[in-house]
Structures are given as C-alpha cells and as structure tokens.
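Asks: I would like the atomic coordinates for the input below:
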Amino acid sequence: MHGKQIIGLVLFSLITACSPVPVSSQSKTPSSADSTVNSLPSASPQAVEEKSQTLQADSRSSRSHWSGIESSLEKEKPYAEFREMALTSGWVPVLDPACKSNVGGAAEICDRLPELVSCSADGYCKMQWQHRQSSVKLEVFTYGDYGKWNVPGQQDALRMTSWSFITADQRSTETSACPAQEFEPFLQAFASDQAIRNTFTLPQIQVTELANEDLDTRVVTVPKEQYEDFSIAYADGAFHFVDHQGNIDPAPLMVSREETPARMRLNLVERANGDYFVKYVYGMSEGNSWVFKRQNDCWYLAEDPEAPSP
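Replies: The predicted structure is shown next:
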C-alpha cells in the first residue's frame, strides 16, 4: 500500500513539474515593441499595424537626427565648435522668453546665444536646441566664461560638460477633427477661432528673425504659447490684417493663388507635399508669411519663415 502511494506521489510530482507555471503580469518586463502596441487604443488589426509602423518610422527618423550630431558631442569641447556644427546639421535654437530673467542683469548673452536658457553664478549654463525636421530636442550644458564663447583664441573658455536628447510629440492633436479638408475653409476657421489656432499649431514654431543691425537673419524655435505673430483674422466673410495691438483693419485681404505677392493680397500657395505657404503684403512693406504643414489629415502652423522688415 505504501509502495503504491510513493509511486503515485512521484508521478504527480513529475506531471506538476511539466505543467506551465502562470507568470504574474506585474513581474513581466515588456519589450519596447510590447509597450508600443499596448499603448494603442482599441482598433482594427489594420489600424494597429499602421499606427505601429508610423511610430517605428518616427523613431528611425529621430534616431537619424541624433546620429548626425552625436559626433560633435564631446566633453570639454569648446561650445563654439559644437554650435557651428549644430547650425549646419539642421538644428535650430529654442528661444526661451525667460532667459534674461534667468541670467540676470542686462543679459545681452541671451541675444547673442538665442538657445540659452539659464546660467548660474558659478558659470554653469543650459542651452536648448531642436531639429528642423523632427520634434527631437537637445539640451546642452556648459561651464566657463560665456562672455568669451566666440572671442578668437579664447573660445575654449566655454566648454561642454554634458547633454541629453528629448523627444517631444508633435502629433499631440492627431485625434482632433480637422475643421475642413480644403485649405481655404480651414484657414478661415483657423483665423477666426483661438481654440482652433491652439489645436492646429505645432508645439514648437520655427521662426526666422533679424539677428543684428546688419540685417543678418537666424532661425529659432519658439514654443507656441509664446508665439504671437499670426496677424490675420477672418471676419464678415473676409480675411483682415491685425496689428500688434489687436486692431483689425476693416479693409479685406483678397485671396490669391499666385506665388508673387501683391499689396492687400493673401497668397495661398500649395506645395507638392500638401503643405501651404501663406503670405500677405500690407501697406508699402509690411507683411508676414507662414508655412502650414500637412499631417494627420489636416494642416498645422509650423513656420514663420521670413524675418520682418526693419
């Protein structure tokens, strides 16, 4: 009798050992692919696959921008050398409106280095860049005398100490319904409703501005919360110029599809990729222009590509 019990116990033990043991979901460490799929909302298999492919493509694109600048990221490297490389590799300064208060005093360095965010009293500074063609940001930290960063023979006074890449989601509004599927009605809605402007403006806008009294220009990146230079309103069935005080000119801007701008005309020029270049001329020389990028089945204000007249 005891022999049968022992044999039975041995067989039970073997069967139990061969059975799969359930794994706790809390103890599982998901791979990056698991994380991507698990973050997707419920949808058809085709929609999930298309979304996954889009995210993977964006990841590859971001990585290509990193690799283009990584060779110039070195500790103790003069910041002036890195800066020249960044500007020629598609990176633009991210303008921080709090720079002068962060630095203190006259803070003229904020005008000379528009990517500057802050500097401490003991010589540590933080700079911020963004790539032109993606939402990838690059934070660079330096140490030294920033007043000599571009003085010939003394450029090593300001050196790099560390850096980090940050990815920001430029598609934060992808679930929002587009106001219209033709550009002119879309722009009418954009120019007449602040909520629509907030929704269909990218988080960072690339702005071309005057860099000095010699009328040289530079490109900087401005957070949409600080961008205030969209100067068109749509009211009473027409587009109108808006001045810096918010006053709307009663004279209408007539819509034109011509590429050559003309006074009191609003030019809407479609590009081959579906983007739109929008420009107007007001008075003798005043005017402005913008680029609306086509993405997520709509358009988003993305660039202010021309510096204002002096």
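Asks: how far is stretch 119-134 from where the chain is centred?
Replies: Distance of stretch 119-134 from the chain centroid (CA atoms, centre = their mean, to the nearest Å) equals 15 Å.
Asks: so which residues make contact with that stretch?
Replies: 58, 61-62, 65, 79, 86, 90-94, 96, 102-103, 109, 113, 115-118, 136-146, 158, 161, 170, 204, 206, 219, 221 (CB atoms under 8 Å, 6 or more residues apart in numbering). For every residue, glycine as well, the C-beta is placed using N, CA and C.
Asks: low-confidence ranges, the chain, go.
Replies: 1-67, 168-175, 284-285, 310 (pLDDT under 70).
Asks: and the strands in it?
Replies: Taking DSSP state E as the test, the strands found in the chain are 91-93, 116-119, 124-131, 136-144, 158-167, 201-210, 217-223, 232-235, 238-242, 248-256, 265-270, 276-282, 286-295, 298-304.
Asks: make CSV out of these and add mean neighbour count and distance to residue 71.
Replies: CSV is the format used below for the strands of the chain (neighbours: other CB atoms under 10 Å; distance: least, CB to CB, whole Å):
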stretch, mean neighbour count, distance to residue 71
strand 91-93, 22, 13
strand 116-119, 21, 23
strand 124-131, 21, 15
strand 136-144, 20, 13
strand 158-167, 16, 13
strand 201-210, 19, 24
strand 217-223, 18, 22
strand 232-235, 18, 42
strand 238-242, 19, 45
strand 248-256, 15, 46
strand 265-270, 19, 37
strand 276-282, 20, 34
strand 286-295, 19, 29
strand 298-304, 21, 28
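Asks: any chance of these in CSV, plus distance to residue 74?
Replies: Output for those, formatted as CSV (distance: least, CB to CB, whole Å):
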stretch, distance to residue 74
strand 91-93, 16
strand 116-119, 20
strand 124-131, 15
strand 136-144, 11
strand 158-167, 7
strand 201-210, 26
strand 217-223, 24
strand 232-235, 45
strand 238-242, 47
strand 248-256, 51
strand 265-270, 43
strand 276-282, 39
strand 286-295, 34
strand 298-304, 31
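Asks: which ones are touching residue 232?
Replies: Contacts of residue 232 (CB under 8 Å, 6+ apart): 191, 239-242, 253, 266, 280.
Asks: with just CA atoms, put stretch 255-269 into PDB.
Replies: The C-alpha trace of stretch 255-269 is given here as PDB (Å, rounded to 0.1, in the frame of the first residue of the first chain):
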ATOM      1  CA  VAL A 255      -7.300  85.700 -51.600                       C
ATOM      2  CA  SER A 256      -4.900  84.900 -54.400                       C
ATOM      3  CA  ARG A 257      -3.300  81.600 -55.600                       C
ATOM      4  CA  GLU A 258      -0.400  83.400 -57.300                       C
ATOM      5  CA  GLU A 259       3.100  82.900 -56.000                       C
ATOM      6  CA  THR A 260       4.000  86.500 -56.500                       C
ATOM      7  CA  PRO A 261       2.800  88.600 -53.500                       C
ATOM      8  CA  ALA A 262       0.900  91.900 -54.100                       C
ATOM      9  CA  ARG A 263      -0.300  94.600 -51.800                       C
ATOM     10  CA  MET A 264      -3.500  93.700 -49.900                       C
ATOM     11  CA  ARG A 265      -3.400  90.200 -51.200                       C
ATOM     12  CA  LEU A 266      -3.400  87.000 -49.200                       C
ATOM     13  CA  ASN A 267      -1.400  84.400 -51.200                       C
ATOM     14  CA  LEU A 268      -2.200  80.700 -50.600                       C
ATOM     15  CA  VAL A 269       0.400  78.600 -52.400                       C
END
